[in-house]
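> Got a predicted structure here, sequence first:
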Amino acid sequence: MEKGKGLARRWAVELHDASSSSSSSPAVPDPPGFTRSAPDADDAAGARQRKDSEASWKAQKAWEVAQSPFKNLMMMGFMMWMAGSTVHLFSIGITFSALWQPISALRSVGKVFEPFKDPRVDTIAPKLLFIALNLAAMGLGVWKLNTLGLLPTNPSDWVSSLAPAPEVEYAGGGIPLI
C-alpha cells in the first residue's frame, strides 16, 4: 500500500467552522482593555488627534535637528585642542574641516528642515538656533586659524615695506640668549 493514499489525514485542523456563521455573539471574549466601537464613530476626533501628535512629533524632531550642531561643535573643539597650536598638515586639515562643515550646513538649512514643513509647526526658532550654532562653529574655526597664525592680523601681513611685529617671547635651551 502506498504511503498517504486511502488513509484519512490524521493531523488536519479545520480553522473555519461553517456551523456558527453569526458574529453577533462571539465565543471568545475580548481581551482586557479592548472595546469594540464602530469605525466611523470618532474618525474626526481620531484624525485630529493623529494630526496634532504628528505636528508635535515634527516640532520635537525639528528641535533635535537644530541642536545637532552643538554635538559637532564640541567634537570639533576637542579635535582642534588635540591638534595643538603648531602649523602642520593635521591641524590645518582639522581647521579647514571646522570651517567647511558649518558653511555647507548653512547652505542647506532649507533642505535640513524640509521634512518638518507643516502649517502647524513653527520652524523659525529651530532654524535660528541651527544657524547660531553653525556660526559659533565657524567662529571656532576662525579662532583656530588665528591661533595657528594663518590670519593676516598685523599691518606687515598686508604691506611688504613694513617691518614685521617684534617678537614678544624668546625661548632657548640651556644657553642664555643675548
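It's in.
> send the alpha carbons of the strand or helix carrying Gly93 over as CSV?
Using DSSP states H and E, Gly93 maps to helix 89-107. The C-alpha trace of helix 89-107 is given here as CSV (Å, rounded to 0.1, in the frame of the first residue of the first chain):
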residue,chain,number,x,y,z
LEU,A,89,49.1,69.1,8.0
PHE,A,90,46.8,67.6,10.6
SER,A,91,46.0,70.9,12.4
ILE,A,92,45.4,72.7,9.0
GLY,A,93,43.1,69.8,7.9
ILE,A,94,41.1,69.9,11.1
THR,A,95,40.8,73.7,11.0
PHE,A,96,39.6,73.8,7.4
SER,A,97,37.1,70.9,8.2
ALA,A,98,35.9,73.0,11.1
LEU,A,99,35.3,75.9,8.7
TRP,A,100,33.8,73.8,5.8
GLN,A,101,31.2,71.9,7.8
PRO,A,102,29.3,74.9,9.1
ILE,A,103,29.4,76.6,5.7
SER,A,104,27.9,73.6,4.0
ALA,A,105,25.3,73.3,6.8
LEU,A,106,24.3,76.9,6.5
ARG,A,107,23.9,76.5,2.7
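> just for this protein, where's the confidence low?
1-9, 12-14, 16-26, 37-43, 171-172, 176-178 (pLDDT under 70).
> what do you get if the cut-off is 90, keeping everything else the same?
Scanning the chain for pLDDT under 90 picks out 1-56, 58, 71-72, 74, 84-87, 115-123, 149-178.
> And the helices in it?
43-83, 89-107, 109-112, 124-148 (DSSP state H).
> which parts of the third one are buried?
Think helix 109-112. 109, 112 (16 or more other C-beta atoms under 10 Å). Bear in mind the C-beta positions are built from the backbone N, C-alpha and C, glycine included.
> Tell me which other helices or strands that helix touches.
Applying 3 or more C-beta pairs under 8 Å, 6 or more residues apart in numbering; DSSP states H and E, we find helix 109-112 packed against helix 124-148.
> Run the angle between the helix it packs on and helix 43-83 for me.
Per axes from the mean of the first three to the mean of the last three C-alpha atoms, to 10 degrees, the angle that helix 124-148 makes with helix 43-83 is 10 degrees.
> Now do helix 124-148: which elements does it pack against?
By 3+ C-beta pairs under 8 Å, 6+ apart, helix 124-148 packs against helix 43-83, helix 89-107, helix 109-112.
> Many thanks, have a good one.
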